[in-house]
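> Here's my sequence, what's the structure:
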Amino acid sequence: MTTTVYVDQANGIDTAGHDTIDLPYQTLAYAIFSTPIAAIGKTMHYQMQKGPEAQYDAPTQSAMKKAKKDAQGLEKKRLKAEAEENEAREWQEKREKRLEESKKVILAEDLSYDTDKETNGCVYVAGCIKKTYDAVTLQLEAAVELMGTLKLVPEGQKAPGGHELVINYWKVLGPAPGGDDAFTNKLNEESFRAENSHTRCHLSEYIHLEAELAFVDFDDLSRPSIARKICESVDKVLANPTTVALVKTLNPNFIAPARPFKRMSYLEAIAWLNEHAILHEAEDAEGNTIKDADGKPIMVPHSIGDDVAEAAEQQMADIIGQPIFLYAFPVELKVFYMKKMPSKEGEEAGPVFTESCDLPLPNVGEIVGGLGVPPPRDQLVHLGE
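Okay, here's the model as predicted:
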């Protein structure tokens with residue numbers, strides 16, 4: 001018995017079941033791909049129509065040769081997709097089995113170690129501790145409580161602070177999202193600015209990145225870490241012909257920043273602003289701008305406790321002509337969870353400053369803000385109260 005398969009290159013559809021004159025395929029390759037190998041040229045014959053006005057006719061030898069090669073490619077894709085589907089199914093089955101087994105592992109808290117020690121170092125987890133349900137489902141950014149024994153790292157190995165924490169017990173305090181809800185799958189989502197900021201440095205809709213660094217102190221953060229990332233990013237932009245053309249169009253006089261960046265404390269910045277007669281708008285106790293009889297803001301020198309506004313930071317960077325790390329802002333000007341800077345021995349009581357920094361660039365404005373967060377949980381709880 002001979003079966004005829006129809007191919008209409010203009011109006012056909014390459015999907016299963018479209019092989020008749022009323023429901024033809026679109027390509028000869030898909031028609032051959034859908035035909036059992038033993039039937040090709042024996043019990044299965046093909047008729048092609050190249051256009052609405054053309055008649056159905058048998059394909060040429062060269063057309064058949066090319067179509068068979070393309071059909072082999074379609075078969076390879078099918079086999080690959082089938083293998084991936086089987087692999088994904090096996091992985092899911094193994095994961096579900098592992099999750100069920102992990103629910104049977106229950107940890108008992110061991111209080112035979114000193115809980116008052118704090119240090120920088122590595123965490124070592126072994127045995128059944130990493131087989132619990134929380135361990136199997138743990139995601140980056142989750143908040144966890146770790147308990148164990150602090151030990152020196154073995155000879156020949158390295159860790160921050162030269163110590164590692166061998167875990168006896170741990171638990172999840174706050175889980176983090178994973179899978180489709182994970183941060184890495186939402187990196188390019190837009191942010192929206194609520195306030196009315198109509199300046200060259202503000203966009204109402206933009207993409208930004210928030211980064212966290214562990215095992216660094218404030219000097220590491222505000223000196224090499226941020227500066228390195230800024231310079232590396234700028235170098236990549238300027239090395240790309242497309243992006244460098246855009247930079248030159250928007251800011252023809254842009255000069256790539258060079259390390260090390262200048263550092264200036266909040267107290268030094270206030271003194272510098274006054275030395276250069278850079279004033280700011282006077283405010284009342286509620287933060288409202290004080291105006292003169294003509295309705296114009298009254299401008300006054302900066303004093304300790306005043307915020308350094310964006311305009312003042314910009315003028316400072318433009319005059320100095322290089323990036324400036326402004327750091328150690330008073331605690332009253334920053335959010336409650338910023339780490340406080342330790343006071344120096346013998347120093348008189350005065351304003352309390354924070355591990356915070358702004359980084360304005362000349363002719364650009366502030367591009368980075370950084371802060372240190374206190375690690376002890378008790379201190380964070382106290383601040384929250």
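
> only C-alpha atoms for contact and neighbour calcs from this point on.
Noted.

> Check the spacing between Glu84 and Arg78 real quick.
For Glu84, the distance to Arg78 (C-alpha to C-alpha, to the nearest Å) stands at 10 Å.

> Find residues that contact each of these two.
Residues touching both Glu84 and Arg78 (C-alpha atoms under 8 Å, 6 or more residues apart in numbering): none.

> for the chain, what's the longest strand?
strand 163-174 (DSSP state E).

> Which neighbouring elements make contact with whatever helix or strand Ala67 lives in?
Assigned by DSSP states H and E, Ala67 belongs to helix 61-102. Judged by 3 or more C-alpha pairs under 8 Å, 6 or more residues apart in numbering; DSSP states H and E, the packing partners of helix 61-102 are helix 28-33, helix 133-136.

> let's see it at 6 Å
Packing partners of helix 61-102 (3 or more C-alpha pairs under 6 Å, 6 or more residues apart in numbering; DSSP states H and E): helix 28-33.

> I'd like the next helix or strand past the helix it packs on.
strand 44-49.

> Residues contacting that next one, please?
Residues from elsewhere that reach strand 44-49, judged by C-alpha atoms under 6 Å, 6 or more residues apart in numbering: 2-8, 55-58.

> I'd like these as JSON lines, with pLDDT, neighbour count and secondary structure appended.
Formatted as JSON lines, the contacts of strand 44-49 follow (pLDDT from 0 to 100; neighbours: other C-alpha atoms under 10 Å; DSSP: H, G, I helix; E, B strand; the rest coil):
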{"residue": "Thr2", "pLDDT": "76", "neighbour count": "10", "secondary structure": "coil"}
{"residue": "Thr3", "pLDDT": "80", "neighbour count": "13", "secondary structure": "strand"}
{"residue": "Thr4", "pLDDT": "86", "neighbour count": "13", "secondary structure": "strand"}
{"residue": "Val5", "pLDDT": "88", "neighbour count": "21", "secondary structure": "strand"}
{"residue": "Tyr6", "pLDDT": "89", "neighbour count": "27", "secondary structure": "strand"}
{"residue": "Val7", "pLDDT": "89", "neighbour count": "32", "secondary structure": "strand"}
{"residue": "Asp8", "pLDDT": "89", "neighbour count": "26", "secondary structure": "strand"}
{"residue": "Gln55", "pLDDT": "87", "neighbour count": "11", "secondary structure": "coil"}
{"residue": "Tyr56", "pLDDT": "89", "neighbour count": "16", "secondary structure": "coil"}
{"residue": "Asp57", "pLDDT": "89", "neighbour count": "13", "secondary structure": "strand"}
{"residue": "Ala58", "pLDDT": "89", "neighbour count": "14", "secondary structure": "coil"}
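
> Return the member of those residues nearest to Thr149.
Val7 (73.3 Å; C-alpha to C-alpha).

> Surely that closest one and Pro24 touch.
Yes. Counting by C-alpha atoms under 6 Å, Val7 touches Pro24, with 5.1 Å between them.

> now Thr20, nearest residue through space, not along the chain?
Tyr6 (5.5 Å; C-alpha to C-alpha, 6 or more residues apart in numbering).

> before we move on, the earlier item: quick one: distance of the longest strand of the chain to the chain centre.
Distance of strand 163-174 from the chain centroid (C-alpha atoms, centre = their mean, to the nearest Å) equals 26 Å.

> what helices or strands is it leaning on?
Counting contacts by 3+ C-alpha pairs under 6 Å, 6+ apart, strand 163-174 packs against strand 122-124, strand 143-152.

> Quick check: buried residues in the last one?
Of the residues in strand 143-152, those with enough neighbours to count as buried (16 or more other C-alpha atoms under 10 Å) are 146-150.

> Quick check: Gln314 vs Tyr6, distance?
Taking C-alpha to C-alpha, one finds Gln314 at 72 Å from Tyr6.

> Could you do Ala269 as well?
Counting by C-alpha to C-alpha - Ala269 and Tyr6 are separated by 81 Å.

> Please apply the same query to Glu210.
In terms of C-alpha to C-alpha, Glu210 sits 58 Å off from Tyr6.

> Look at Ala119 and report its pLDDT.
Just to correct that, residue 119 is Thr rather than Ala. Thr119 carries a pLDDT value of 41.

> hang on, I meant Lys104
For Lys104, the predicted pLDDT is 84.

> Could you measure from the residue nearest to it when sequence neighbours are not counted over to Leu333?
Excluding its sequence neighbours, the residue lying closest to Lys104 (C-alpha to C-alpha, 6+ apart) is Thr132, at 7.7 Å. Thr132 is 44 Å from Leu333, where distance means C-alpha to C-alpha.

> Settle it for me: which of the two has more neighbours?
Per other C-alpha atoms under 10 Å, whichever of Thr132 and Leu333 has more neighbours is Thr132, with 21 against 13.
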